[in-house]
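K.L.:
Okay, here's the prediction I keep looking at, along with the sequence it came from:
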Amino acid sequence: MRLRDLRSLQLLCLLEAISLLPWTGALLCYEATASAFRAVTLHNWNWLLLRSMVCKLREGCEETIVFIETGTSKGIVSFKGCTTALSHPPQISYLVSPPGVSVSSYSHVCRTYLCNNITNLEPFVRLKASESKHPVPSTKFCPTCVGRHDQECLPNFVTTETCPFAASSCYSSTLNFQAGNLNTTFLIMGCVRESHKLLANFQHIGSIRVTEAINILDKSEAVDAGHCSQGPPWTILLCPLFIIRA
Ligand SMILES: *[C@@H]1O[C@H](CO)[C@@H](O)[C@H](O)[C@H]1NC(C)=O
Ligand SMILES: *[C@@H]1O[C@H](CO)[C@@H](O)[C@H](O)[C@H]1NC(C)=O
């Protein structure tokens, strides 16, 4: 083949490659996963977007962030990538609302170039602005932690926190979140309204597959109404209530 022919062929291939991209509807989306449990705050978290991926035909870009709070501890598990789900504007809501252990999620699916571009927790700041900052406390305490069992939730790091009056049962579970390259297993312990599966109705959060396994709390860990006599006099009146609820 002559050089000129080769050049023309190369040019033809290049043109074809360029024309093929928009033609097949291939979309470029950010690809990222994150899980953070240490020193997470609503204001310091910044999601670095370093990678992108070309989606399959008709796929869109997704971004899903799950924000978990128990006592003073916070955790984030999140996913960005391609999805077959229909496009929808950003949605933010509580899956499990406070007081006590709370789980909220942000989810967005779009179909324009690198549109899954959120890098902060601004939507959660707005969600939480409406919530009561000082719920009425109870006399019950629960072990409290969110994180990996061999890191943030090692026994030494599990704190014992006072439960809000409206959420005075102890809860502990192991959660697994999976989507694309994301595969995070972590522990949540804290105060809840009723100690059953918190995320039973949410097998999926966006593309994230959720599995929840309840852990049996060691009786000695759950400090309960037996400590009533140590509280101020009015707590004695509340004690029968907790004994019945327990
Ligand atoms: C994020 O994507 C939207 C399109 O969904 C675009 O309008 C906006 O400018 C992008 N923001 C940044 C910081 O790239
Ligand atoms: C996720 O990780 C667990 C272990 O941490 C492993 O058993 C499981 O096979 C992994 N799942 C996937 C889909 O990679």
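P.N.:
Nice, I can see it. Numbering: from 1, shown residues only. Ligands and ions are numbered 1, 2, ... in the order given.
K.L.:
what pLDDT does Ala129 get?
P.N.:
Per-residue confidence (pLDDT) for Ala129: 87.
K.L.:
right, I mislabeled it, should have said Phe186
P.N.:
Note for Phe186: predicted pLDDT of 97.
K.L.:
Now for the residue of the chain found nearest ligand 2: which residues touch it?
P.N.:
Minimum separation of the chain from ligand 2 (Cβ to the nearest ligand atom) falls at Asn183, amounting to 3.7 Å. Where C-beta positions appear, they are placed from N, C-alpha and C, glycine not excepted. Asn183 makes contact with Asn176, Phe177, according to Cβ atoms under 8 Å, 6 or more residues apart in numbering.
K.L.:
How about the secondary structure of the residue minimising distance to the centre of the chain?
P.N.:
When Cα atoms, centre = their mean is applied to the chain, the residue found nearest the centroid is Val66 (2.1 Å). State at Val66, reduced to three classes by DSSP: H, G, I helix; E, B strand; the rest coil: strand.
K.L.:
That one against Ser207, yeah?
P.N.:
No - because the distance of 11.5 Å does not satisfy Cβ atoms under 8 Å, Val66 is recorded as not touching Ser207.
K.L.:
how close does the residue of the chain closest to ligand 2 get to Thr211?
P.N.:
When Cβ to Cβ, to the nearest Å is the yardstick, Asn183 and Thr211 sit 11 Å from each other.
K.L.:
intersection of neighbour lists for these two?
P.N.:
With Cβ under 8 Å, 6+ apart as the test, Asn183 and Thr211 both reach Asn176.
K.L.:
tell me which parts of the protein are close to ligand 2?
P.N.:
Those residues of the chain that sit near ligand 2, judged by Cβ under 6 Å from any ligand atom, are Gln178, Asn183, Thr185.
K.L.:
Looking at these, which are in strands?
P.N.:
Secondary structure of these is defined by DSSP state E; positions in strands are Gln178, Asn183, Thr185.
K.L.:
Could you give the number of residues near the last one?
P.N.:
Looking back up the chat, that one is Thr185. Here the neighbour count serves as a burial measure; for Thr185 (other Cβ atoms under 10 Å) it reads 14.
K.L.:
Strands of this protein, start to end?
P.N.:
All strands of the chain, identified by DSSP E, fall at 28-36, 51-54, 60-70, 73-83, 88-96, 102-110, 137-147, 159-164, 169-179, 182-192, 204-205, 208-214.
K.L.:
Can you tell me which of the ones you listed is nearest to ligand 1?
P.N.:
strand 102-110 (5.3 Å).
K.L.:
Who are the packing partners of the closest one?
P.N.:
Counting contacts by 3 or more Cβ pairs under 8 Å, 6 or more residues apart in numbering; DSSP states H and E, strand 102-110 is packed against strand 60-70, strand 88-96, helix 122-129.
K.L.:
For the chain, name the helix or strand with the lowest mean pLDDT.
P.N.:
helix 234-245 (a mean of 34; mean pLDDT, DSSP states H and E).
K.L.:
isn't Ser207 right next to Thr64, touching?
P.N.:
Yes - under the contact definition of Cβ under 8 Å, Ser207 touches Thr64, with a separation of 6.5 Å.
K.L.:
Pull up the overlap in contacts between those two.
P.N.:
Among the neighbours of Ser207, those also in contact with Thr64 (Cβ under 8 Å, 6+ apart) are Phe79, Ala179.
K.L.:
okay, these two: which has more neighbours?
P.N.:
The residue with the greater number of neighbours, taking Ser207 and Thr64 and applying other Cβ under 10 Å, is Thr64; the counts read 26 against 21.
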